[in-house]
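Participant: what's the 3D shape of this:
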Amino acid sequence: MFLSNLSIKYPVFATMMMAALAVVGVASYSQLKVDFFPKVEIPVVTVTTIYPGAGPETVEREVTKKIEEEINTVEGVNHIDSISQEGVSNIVVEFDIEVSAVTASQDVRGKIAAIRGELPLEIEEPIVQRIDFAAMPILSVGIDAPGLTPQAATDFADKIVKRRIENVRGVGSVALVGESTREIQVVVDRLKLEAYHVSLAEVVSALGRENVEVPAGTPTGARPRPSSAWPPAAARPPTSPGSRSNGPTGWPST
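Facilitator: Alright, predicted model coming up:
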């Protein structure tokens, strides 16, 4: 009743008040900030472990279950999901909403470090990450270089384009996707392997032994080397494929 009586008795004053409220509303709306990815902290941590050459059952038995049992003892854990695939173990740990994501990730890293000796030696170091919407990629750059080979285009993108983007202020990280890396493929002859009674595991082991860098020693003289200098390394150069084509695995036959 007060507003009604005020509007009837003082119509000009009521009109000016409504106009003032409308102006303030329009000015506030124009300055309203909108963030596509607002800063929201979600207490969810992911653990990714690479186990090269292992099947899903082996990954689940040797990696996933051991990590799950250890993470389950962390305070504030609400739910754990895991996926064991060929060579990869993915674990998603959801904490209570009042738990800090930073604290949760630190606790998970500590638990994994405590059982690192119980995990297989062949696995890569487990990667612990917390979900951060601000860390998601916001820009994708495609490179088309018809006059360059895939290796040359990868080298150009890695050493020039990537480094210049990393130098831009505010850029956290730059990831290179779809690069063409140099590799050497070794094709074995199954019949010759069976004839020489050589297994594929022995071939892999022999290739690892033949392609290593070992210290060649420390030089001596009138001027000693600084203690922080690296000793020279001696690498065994690879032999051309033609010179190792007699044996089943590329070694000269006897």
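Participant: who touches stretch 109-118?
Facilitator: 47, 66-67, 70-71, 73-74, 126, 128 (CB atoms under 8 Å, 6 or more residues apart in numbering). Every residue, glycine included, has its C-beta placed from N, CA and C.
Participant: if you set the cut-off to 10 Å instead, what comes out?
Facilitator: Stretch 109-118 has contacts (CB atoms under 10 Å, 6 or more residues apart in numbering) with 45, 47, 49, 62, 66-67, 69-74, 91, 119, 123, 125-128.
Participant: could you do stretch 148-165 as well?
Facilitator: 139, 141-147, 171, 173-182.
Participant: buried ones only from those, please, as a PyMOL command.
Facilitator: Selecting only the buried entries of the contacts of stretch 148-165 in PyMOL, with 16 or more other CB atoms under 10 Å as the criterion:
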select buried, resi 174
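Participant: what residues are up against the nearest residue to D132 once chain neighbours are set aside?
Facilitator: Take D132 and drop its neighbours on the chain: the residue closest to it by CB to CB, 6 or more residues apart in numbering is A101, 7.8 Å away. When contacts are counted by CB under 10 Å, 6+ apart, A101 touches 41-45, 95, 130-132.
Participant: one more pass at 6 Å, please.
Facilitator: Going by CB atoms under 6 Å, 6 or more residues apart in numbering, A101 touches 41, 43, 130.
Participant: okay, who's weakest in those by pLDDT?
Facilitator: Lowest pLDDT of those: E41, 79.
Participant: how near is the nearest residue to it once chain neighbours are set aside to V92?
Facilitator: Sequence neighbours aside, A101 is the residue nearest to E41 in space, at 5.1 Å (criterion: CB to CB, 6+ apart). In this view, A101 and V92 are 13 Å apart by CB to CB, to the nearest Å.
Participant: now the buried members of the contacts of A101.
Facilitator: 43, 130.
Participant: from the contacts of A101, which is closest to E86?
Facilitator: Of all those, R130 has the smallest distance to E86: 26.0 Å, by CB to CB.
Participant: how about the closest one, phi and psi?
Facilitator: When read as degrees, to the nearest 10, the backbone of R130 gives phi -110, psi 150.
Participant: pull the contacting residues for it.
Facilitator: Applying CB under 6 Å, 6+ apart, the residues contacting R130 are 45, 101, 105.
Participant: can you give me the helices for the stretch 151-254 of the chain?
Facilitator: 162-166, 190-195, 200-210 (DSSP state H, counting those that start in this stretch).
Participant: turn those helices into TSV, columns for mean pLDDT, distance to V12 and mean neighbour count.
Facilitator: Putting the helices of the stretch 151-254 of the chain into TSV (pLDDT from 0 to 100; distance: least, CB to CB, whole Å; neighbours: other CB atoms under 10 Å) gives the following:
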stretch	mean pLDDT	distance to V12	mean neighbour count
helix 162-166	89	60	12
helix 190-195	89	99	12
helix 200-210	82	92	12
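Participant: next, format the ones you listed as CSV and append distance to L32.
Facilitator: Shown next, in CSV, are these (distance: least, CB to CB, whole Å):
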stretch, distance to L32
helix 162-166, 31
helix 190-195, 69
helix 200-210, 62
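Participant: could you check how far S180 is from D155?
Facilitator: 9 Å.
Participant: hang on, the earlier thing: measure the residue nearest to D132 to V141 for me?
Facilitator: Distance from A101 to V141, by CB to CB: 29 Å.
Participant: tell me how far the longest helix along the chain lies from the chain's centre.
Facilitator: Across the chain, the helix with the greatest residue count (assigned by DSSP state H) is helix 11-30. Helix 11-30 sits 53 Å away from the centroid of its parent chain (CA atoms, centre = their mean, to the nearest Å).
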